[in-house]
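Q: Could you work out the structure for the sequence below:
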Amino acid sequence: MTVRFNVKPEGRRLCAALMFLTASPSAALANDIEIFGQLTIRAVDELEPIKTSIDDWGSQFTGGERQWIRARAELGFRVDQWELSVFNRALADLRMNEEAVAFYGKIARGESFESGQQIPVNVRAESFTAEGLRLGYRFATDTLVVRTGLSVFRSDYLYSGSLDGTFSTTEGDTFDLRAEVDYVYHRDILLRRPNVEPATGTGFSLDVHADWQAMPGLRIELGAEDLAARIRWRNAPFTRATANTERRSTGDAGFSGLKPTIEGVEGYRPHYTQRLSPKFDGALELGDGAFRPRIELVHQFDDTYAGIGGVLASTSAHQFGLMLYPKYNSVGFRLHSGQFSAELSADDVDERKIGAVSLSLSFGY
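A: Alright, predicted model coming up:
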């Protein structure tokens, strides 16, 4: 799986300025500056393996309802309690009802299906990429660390909207689709509208993270990202229409191309506001010995999953963790040493079969 961050010239210049400031021995505050950074990628594909979605989307659809990915790369510095960082991020969230997933998989593979079926299809999609700045504040005591921040960013690659309709199967492995489409987009991947001018957006979001040693043997971690988050898009291409499609079988070769009849409107919305789904997470770590049980809970994209495991600490600065995430059948490993932390989890060791994966590298937090 490959995730690319497209850092534009403005972002590269800002990164260079940050590195120069923190590396220059002549900087007046050099001794007080702390560097921090992170690379985080989390992806879940319930519909098919992630690699298949990248190479041939839909060809192994059998069930499930969700595909999503969150990715972020960040580099910054801290002076006293204040933080300033530059980041790139990407987000995509696709939701599709399970009946439609299974039926689309049959279509993609050229399989036969029964005539006279009525299969509902409901699709929701959100995505964007962004680059921007985060201004943060870090408050710390002996038992509590709180980080909060405001991010402002420029966005591209807009997708936001829905498709609701019905597949109707007929004789001879043929089908029709009647659907209501209402979405804004970077490129019209559904109805192939030509000569689309992509929109650009400006957004903001709030975040807060707390790490509290509530008492000996009880540690509590809480976090929230994309609070009150909005992206304001300018001149967003949109389509709002009823589409009737026909697709005819061609025997062993599969099905012919899509032939839509469209009734509705398309154009550009001068202003469109995309509201981002917040992410919440929490953890409890119990005990104060060498081994400490740990429980995690994460809520994002209107979905919740839990993790259970433990942390083995040789010293306060060196820790190793093992986590299990039953919902996605994933196993995760963690390493913390000094200012550096690394995490890797997956539901399979074969890259061709992975449907849930998480990678996180960070320092200075």
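Q: is it true that Ala92 touches Arg66?
A: No. In this structure, Ala92 is not within contact of Arg66 by C-beta atoms under 8 Å, at 10.9 Å. C-beta here means a position set from N, CA and C on the backbone, and glycine is covered the same way.
Q: Tell me the secondary structure at Thr304.
A: Recorded secondary structure, Thr304: strand (DSSP: H, G, I helix; E, B strand; the rest coil).
Q: Around it, count how many other residues there are.
A: Look at Thr304: counted by other C-beta atoms under 10 Å, it has 11 neighbours.
Q: Repeat that for Ser360.
A: 17.
Q: The closest residue to it other than its chain neighbours: helix or strand, and which one exactly?
A: Counting by C-beta to C-beta, 6 or more residues apart in numbering, Ser360 lies nearest to Glu343, which is 4.2 Å off, once chain neighbours are set aside. If you go by DSSP states H and E, Glu343 is part of strand 340-346.
Q: Count the residues that sit near the residue nearest to Gln60 when sequence neighbours are not counted.
A: Spatial nearest neighbour of Gln60, excluding adjacent residues (C-beta to C-beta, 6+ apart): Glu48 at 3.8 Å. By other C-beta under 10 Å, 23 other residues sit near Glu48.
Q: In three-state terms, how would Glu48 be classified?
A: coil.
Q: so what's it up against?
A: Gly58, Ser59, Gln60, Phe61, Thr62, Gly64, Gly105, Gly355 (C-beta atoms under 8 Å, 6 or more residues apart in numbering).
Q: Confirm the first one sits in a helix?
A: Think Gly58. No. Looking at Gly58 with three-state DSSP, it is coil, so not inside a helix.
Q: how much space between it and Leu91?
A: 21 Å (C-beta to C-beta, to the nearest Å).
Q: What remains of the contacts of Glu48 if I keep only buried residues?
A: Neighbour-count burial within these applies to Gln60, Phe61, Gly64, Gly105, Gly355; the criterion is 16 or more other C-beta atoms under 10 Å.
Q: Let me know the closest of the residues you listed to Asn195.
A: Phe61 (31.2 Å; C-beta to C-beta).
Q: Show the contacting residues for that closest one.
A: If you count contacts by C-beta under 8 Å, 6+ apart, Phe61 has them with Leu47, Glu48, Val101, Ala102, Tyr104, Gly105, Ala108.
Q: Out of the residues you listed, which one has the lowest pLDDT?
A: Within the contacts of Phe61, pLDDT reaches its minimum at Ala108, with 90.
Q: neighbours around it, how many?
A: Neighbourhood size, Ala108 [other C-beta under 10 Å]: 17.
Q: Please apply the same query to Ile54.
A: 11.
Q: ok, now how distant is it from Ala90?
A: For Ile54, the distance to Ala90 (C-beta to C-beta) stands at 14 Å.
Q: And Tyr137, by the same measure?
A: On the measure of C-beta to C-beta, Tyr137 and Ala90 end up 26 Å apart.
Q: Who has more neighbours out of these two?
A: Ala90 (21 against 14).
Q: which residues in this structure form helices?
A: Counting by DSSP state H, the chain has helices at residues 9-23, 50-56, 98-109.
Q: quick one, what contacts Phe333?
A: By C-beta under 8 Å, 6+ apart, the residues touching Phe333 are Phe320, Gly321, Leu322, Met323, Glu343, Leu344, Ser345.
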